[in-house]
Each structure stands twice: as C-alpha cells, then as structure tokens.
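need a structure here:
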Amino acid sequence: MRGRGSVLLFSGVFFLFAAIAVIGYVSANPHACYGAGDCVHYTAMTEAFRAWTPTTIPFPFNTRVLAPFLASLFPYEITDSFLILNLICVILFLVFLALIIWELELGSVDYLLIGLWFLLHPSGFPTYYANPKLVDPLAYAIFALVILCYIKNWRFFLVISLIAGLLTKQTFLVLALLITLADLMFSSKVRFAKDFDCDAKRNFCFFVGIEKRTVYFLIGLYFAIYLTLDFLKAVEKEAFPLPFYPAPSSLGTIIHFLKESLREPFRIIVWFGSIFSATGFFLVYVYPAKRALQFALKSKVAFFLFIGSLAFLVLGLLGGSDMTRIIFNGNLLILLFVSLLAKAGTFSKTFHFAAVTLSAAMMLLYTHFFPTAFEYAYYVGHDVSGISIFLMIMSLFSLMLVFARHHLLDEAQ
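I've put the predicted structure just below:
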C-alpha cells in the first residue's frame with residue numbers, strides 16, 4: 001500500500017504538468033491554416049456542425065467526427081475552441097496517466113518522465129499549440145483512458161472508450177485488435193502445446209478453453225464496433241460526403257505504403273530516423289530482445305503493451321506519410337512497457353539514467369538542428385542529408401548504450 005507521501009508527490013507532479021499545459025495554452029501562437037493541411041478539413045467540419053449543413057470532406061477526415069463536434073460546442077472562434085478542447089484533453093491525459101502509473105505500481109519518477117516526454121517533445125502536445133485544429137490531443141486522452149480501462153479490467157467502460165476513440169481516429173481499431181489478441185492469449189486455460197500431451201516439437205499457441213466472459217466481452221466489443229462503423233457510414237452519407245468515389249480504405253492505405261516502401265527502400269531509412277525522433281533511445285531498453293519477450297509473456301498487461309509498441313512502430317512505416325506523428329501516437333504504450341522493464345530490474349540505474357539523459361537532449365535539440373521532420377524533407381525535396389547525419393549520431397549512441405548495458409547487467413541484479 002502506498003502512503004500519504006506518495007499521493008502528495010503524485011499530486012505535486014500533476015500540478016507541475018498542469019502548469020506547463022496552461023502556460024503552453026496561454027502562450028500559444030497558432031499558425032495559419034490553409035492549403036491541403038489536415039486542419040483545413042477539421043475547420044470545415046466544425047463549421048458544418050455549427051451550421052448543421054453537409055459539406056464534402058475527403059477520407060479519412062470525414063470519419064473523425066468527435067473532435068470537430070466537441071469544438072463546435074464552444075461559443076468561440078474555431079481556433080480558440082480547439083485550443084480550449086486541447087487543453088482539456090491534455091489535463092485529462094495527465095489524470096489518466098497518473099492513474100495508470102499508480103495502478104501499475106510505478107513511481108512518481110516514471111510519471112514525471114512520461115508526462116514530460118508528451119508535454120515537451122516537439123511531436124507531442126507542443127505541436128497542437130502551433131496547429132491546434134487537429135484531433136490528436138483528444139485521441140491521446142482517449143488512448144490513455146483505453147489503457148486505464150484495460151488495466152483495471154473495466155470492460156464496459158473499455159468498450160465505451162473504444163467507441164469514442166473510433167469516432168476520433170481509425171487508430172483505435174488497431175487497439176481493439178490488440179486487446180483481442182491479448183485477451184485470447186491470456187484468458188485461455190491452455191495456451192501452449194507443452195501444457196498437454198502432444199508432440200513436444202509443436203510448441204505454437206493453442207487457444208483452448210477460452211473463458212466465457214472473454215467470449216461475451218469480445219462479441220459485445222465487435223458488435224459495438226460494427227454499430228459505430230455503420231454510424232460513421234451514415235455520417236459520411238448525410239453530413240460529410242466524399243468529394244469523389246470510390247473512397248480509399250485504411251487497408252488500402254497500408255497496402256499502398258507497403259508497395260511504396262518496396263519501391264523506394266530509402267523510406268525504410270527515413271522510418272528508422274522517425275523511430276528515433278519519436279521514442280529517443282527507449283527502444284534500446286529491449287536489448288536483449290529475448291529477455292524483453294520473456295517479460296512480455298508474464299502478464300496480459302505487459303503483453304498488450306509489448307505488441308502495441310510493435311504495432312505502432314510498424315504503422316509508422318505503413319500507416320501514412322506522417323511517420324513520426326504516427327509512431328508518437330503509440331508512445332504511451334512504448335514508454336509504459338519500458339517503465340515496467342525498469343521496475344522489473346532488467347537493466348541498471350546507471351544505464352537508465354544515461355538513456356533518459358541522452359533521449360532528453362536529443363528531444364530538446366531535435367528541432368534546433370533539424371527544423372523539418374525527416375519524412376517531409378524527403379517527400380518534398382528528397383533531402384537525405386539530415387536523416388543521414390541524424391542516424392549516424394543515433395546509431396553511435398545506441399551502440400554505446402547497448403555496450404554499457406551489456407557491462408552493467410550485473411549491477412541491476
């Protein structure tokens with residue numbers, strides 16, 4: 001049981017975070033929204049909600065209805081309405097994050113580290129002070145709520161939060177699939193062939209004897225998802241029709257970017273740079289990979305965080321052109337898994353301090369040396385100089401950290 005001092009410490013960190021968020025909101029200087037930017041479509045959707053008149057919106061923006069709808073409820077100019085909504089979402093995210101950290105029995109240092117990563121990282125919440133008319137802050141808040149409900153096993157609220165997520169961004173369909181996989185993996189009474197009498201060489205997974213409550217939950221979950229997607233089809237038809245048909249699909253987008261990656265292998269190099277940009281050196285923590293996998297298989301929550309981290313890293317390559325932002329959408333999964341690894345003592349405090357320090361330095365100096373995201377520099381001008389220099393630096397420091405961890409494992413034990 002935690003004492004009163006822990007509660008006060010967590011509260012102090014939260015109020016520090018809230019002050020940073022409010023300062024960011026007060027000092028926000030939003031950029032103009034024009035051209036083909038995402039904000040143009042969300043602005044049009046907000047205006048349509050206020051006037052209650054249909055307007056053509058391209059896919060996938062016409063399915064992301066919750067944030068524009070909520071912004072339309074504020075009696076202010078659209079930019080100010082999104083700024084207020086984003087501030088509320090940041091505060092909610094910080095509250096949910098504190099509850100997640102508390103439930104996982106992590107410390108206030110973990111809360112401080114993860115919170116600051118989102119509050120200060122150039123791809124985190126500061127992005128939405130400069131460009132507030134986006135749906136990501138709301139998605140981050142709901143994302144944290146989904147994780148909290150999953151950890152607490154609040155199945156009803158988990159379904160509700162996933163529905164809200166699907167009304168915000170298609171990414172939550174991936175979360176639903178990850179939850180399904182983790183539930184099937186850990187709710188079955190027999191999971192591995194070695195658990196019953198059969199050929200020892202057949203050591204793949206068997207989903208045998210799944211608990212009834214898990215079956216009922218998954219049936220209810222996917223029925224709710226079906227109803228939500230059906231509702232979004234109706235919204236598309238009545239409120240936000242597409243400017244042209246047939247519309248692309250999420251699966252079609254993934255296949256398109258997979259083909260692009262095979263056609264232009266340098267995209268994979270840009271992807272590696274985006275991984276470092278979004279996550280710092282935290283992925284070095286999973287070395288050696290076998291130990292991280294063994295840890296992930298010990299509990300349902302750890303497994304969910306592990307496969308979620310992998311999924312968002314892959315989505316960074318296949319989910320769209322905004323590689324860094326897509327990977328950053330899954331950063332909460334990555335940072336929580338790393339924090340659980342640290343709690344389990346799989347690496348030393350010296351290594352942890354070095355990795356955090358280098359990651360923080362990289363994060364704060366990233367936009368100073370590389371003001372344009374690597375993927376944009378590559379797509380617009382095929383500029384590869386920045387990513388080449390960045391990857392050389394990151395690879396060098398990564399090798400140093402791996403070497404340090406190899407020689408500091410004894411300290412952790």
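
where do the strands sit along this protein?
188-192, 205-210 (DSSP state E).

Quick check: pLDDT value at the nearest residue in space to residue 60 that is not next to it in sequence.
Spatial nearest neighbour of residue 60, excluding adjacent residues (C-beta to C-beta, 6 or more residues apart in numbering): residue 170 at 5.9 Å. Where you see a C-beta, it was placed from the backbone N, CA and C, and this is true even at glycine. Listed pLDDT for residue 170 reads 87.

Return the distance of the most centrally placed residue in the chain relative to residue 35.
Most central residue of the chain, judged by C-alpha distance to the mean C-alpha position with C-alpha atoms, centre = their mean, is residue 330 at 2.1 Å. For residue 330, the distance to residue 35 equals 28 Å [C-beta to C-beta, to the nearest Å].

before we move on, back to that, give me the neighbour count for the residue nearest to residue 60.
18 (other C-beta atoms under 10 Å).

so the residue nearest to the centre of the chain sits right up against residue 307, yeah?
No. Counting by C-beta atoms under 8 Å, residue 330 does not reach residue 307; the two are 10.8 Å apart.

circling back: wait, isn't the residue nearest to residue 60 in contact with residue 59?
No. The pair residue 170 / residue 59 is not scored as a contact, 9.8 Å apart, by C-beta under 8 Å.

shaky segments in the stretch 151-300 of the chain?
Counting by pLDDT under 70, the ranges of the stretch 151-300 of the chain that qualify are 188-210, 244-253, 256, 261, 285-288.

Neighbours of residue 238, how many?
Per other C-beta under 10 Å, the neighbour tally for residue 238 reads 9.

Skipping its backbone neighbours, what lies nearest it in space?
That would be residue 54: by C-beta to C-beta, 6+ apart, it lies 6.7 Å from residue 238.

got the contact list for that neighbour?
48, 238, 239, 240, 241 (C-beta atoms under 8 Å, 6 or more residues apart in numbering).

Let's see if you can find the most crowded of these.
Going by other C-beta under 10 Å, residue 240 tops those with 25 neighbours.

That one and residue 99, how far apart?
Counting by C-beta to C-beta, the separation of residue 240 from residue 99 is 34 Å.

residues touching residue 79, list them.
Residue 79 makes contact with 30, 33, 132, 133, according to C-beta under 8 Å, 6+ apart.

can you rerun that using 7 Å?
30, 132, 133 (C-beta atoms under 7 Å, 6 or more residues apart in numbering).

cool, residue 110 as well?
101, 339.

can we see that at 10 Å?
The contact partners of residue 110, by C-beta atoms under 10 Å, 6 or more residues apart in numbering, come to 97, 100, 101, 104, 335, 336, 338, 339, 340, 342, 343.

Same check on residue 343?
Residue 343 touches 104, 105, 106, 107, 110, counting by C-beta under 10 Å, 6+ apart.

8 Å instead, please
Counting by C-beta under 8 Å, 6+ apart, residue 343 has contacts 104, 105, 106, 110.

try residue 24
119, 125, 126, 129.

which of those residues lies closest to residue 71?
residue 129 (15.2 Å; C-beta to C-beta).
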